[in-house]
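Participant: predicted model and sequence below, questions to follow.
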Amino acid sequence: MRTRPVDRILMRLDSLFDGVHEPSQVVTEVGRLSTQLVLQATLDAEVALYLGRDSGEQRTVGKSGPAPGVRSGHRVVMIRTTAGPVELWWPRLRGGGGFVSRLYGMQTIDVQPLAPLVVAAHVRRLTAAEVQDALTRSLGTTPLAVSPTTLALISGRVVQECEAWGRRRFDGREPGSIFFGAAPFAAADGSVLVAGGVMRDGRPTFMALAPGSAESVEAWTTLLADLARRGLRAPASFMNPVPSALVTALARAFFAPAS
């Protein structure tokens, strides 16, 4: 089975927490790859609507024959953004004419509206309306480029992709060495907290993202309590120095007596 482009980006996100990457660069790379994920999910949703089916689904056959267009791999393209070039996997299609995106053209994409979506996907439910608004501001789309109905459908699919990524569970997975960091997030206001690490099975894993600062006990507690609800157990060790606020939050989230 072919690996979906968004899954390739998710694997890159996970790999940041292998203990080899420089801790000071991890948050920056999380921001860059997260924005890339939203842009790729948007492209994939547009292609799926164009073809009338998701990747891996069989073509429907009607009175006029099979639905046109067959996915035939991808080619890597670089699109211009306000944060620099971003790599996307553009679909190759056989039959039914070539795919021409109505969202991605020659414009420079503004990543500023996308960063809040990335953080929100980890702390609450996104709505298709706010994703549609962010994409409209980011891509500079107009009614002549894509209909509001189509953009709403694309936005709904992006919500599903982001939530599956941001709300995944960790039941049955034992954490080994964990990385916790806080730093300014690409194009977002303020700082974010990031958690990830190497599980006992040896696989690096990106775990969580939340707004806050390294000195905030409340922000760390909120992030860790959410991880605990998603099935994560208390970490065995840490990859980087742990601030005092995080020590307090760990005790609250994992070792406080049940009420």
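Facilitator: Right, received. Where do you want to start?

Participant: show the end-to-end separation of stretch 77-92, please.
Facilitator: 12 Å (CA to CA, to the nearest Å).

Participant: got the buried residues for that stretch?
Facilitator: Neighbour-count burial for stretch 77-92, counted by 16 or more other CB atoms under 10 Å, picks out 79, 81, 83, 86, 88, 89, 90, 91. Where C-beta positions appear, they are placed from N, C-alpha and C, glycine not excepted.

Participant: check stretch 202-221 too.
Facilitator: Buried, per 16+ other CB under 10 Å, within stretch 202-221: 204-212, 214, 216-217, 219-221.

Participant: what's the longest helix in the protein?
Facilitator: Using DSSP state H, we find that the single longest helix of the chain is helix 23-51.

Participant: follow-up on the earlier one: what's the closest of the buried residues of stretch 202-221 to residue 130?
Facilitator: Nearest to residue 130 out of the buried residues of stretch 202-221 is residue 211 (CB to CB; 15.8 Å).

Participant: residue contacts, that closest one?
Facilitator: 119, 123, 190, 191, 192, 193, 219 (CB atoms under 8 Å, 6 or more residues apart in numbering).

Participant: name the nearest residue to the second one, sequence neighbours excluded.
Facilitator: Using CB to CB, 6 or more residues apart in numbering and skipping the chain neighbours, the partner closest in space to residue 123 is residue 210 (5.5 Å).

Participant: report the beta-bridge partner residues of that neighbour.
Facilitator: Residues in a beta bridge with residue 210, per DSSP bridges, are residue 193.

Participant: so who does residue 183 touch?
Facilitator: The contact partners of residue 183, by CB under 8 Å, 6+ apart, come to 24, 27, 28, 191, 192, 194.

Participant: show me where pLDDT drops low in this structure?
Facilitator: Low-confidence segments of the chain (pLDDT under 70): 1, 53-72, 95-98, 141-144, 185-190, 257-259.

Participant: for it, what spans make up the strands?
Facilitator: For the chain, the strands defined by DSSP state E cover 61-62, 65-66, 70-79, 86-94, 175-184, 191-199, 204-211, 237-238.

Participant: among the contacts of residue 211, which ones are buried?
Facilitator: 119, 123, 191, 192, 193, 219.

Participant: I'd assumed residue 212 was in contact with the fifth one.
Facilitator: Yes - taking contact to mean CB atoms under 8 Å, the distance of 4.8 Å between residue 193 and residue 212 places them in contact.

Participant: okay, and the common contacts of those two?
Facilitator: 182, 219, 220, 223.

Participant: using CSV, lay out the buried residues of stretch 77-92 together with distance to residue 171.
Facilitator: Compiled in CSV, the buried residues of stretch 77-92 are given as follows (distance: CB to CB, whole Å):
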residue, distance to residue 171
79, 37
81, 36
83, 35
86, 33
88, 33
89, 31
90, 36
91, 34
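
Participant: those residues: which two are farthest apart?
Facilitator: Most distant of those, by CB to CB, are 83 and 91, 23.6 Å apart.

Participant: still on that earlier bit, looking at the contacts of residue 211, spot the one nearest residue 133.
Facilitator: residue 119 (15.8 Å).

Participant: how far away is the closest one from residue 30?
Facilitator: Residue 119 sits 10 Å away from residue 30, going by CB to CB, to the nearest Å.

Participant: how does the protein divide into domains?
Facilitator: Domains of the chain are assigned by automatic domain parsing as 5-166, 175-255.

Participant: surely residue 47 and residue 91 touch.
Facilitator: Yes - counting by CB under 8 Å, residue 47 touches residue 91, with 5.1 Å between them.

Participant: circling back: so can I have JSON lines of the contacts of residue 211 showing distance to residue 200?
Facilitator: Shown next, in JSON lines, are those (distance: CB to CB, whole Å):
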{"residue": "119", "distance to residue 200": "28"}
{"residue": "123", "distance to residue 200": "27"}
{"residue": "190", "distance to residue 200": "33"}
{"residue": "191", "distance to residue 200": "30"}
{"residue": "192", "distance to residue 200": "26"}
{"residue": "193", "distance to residue 200": "23"}
{"residue": "219", "distance to residue 200": "27"}
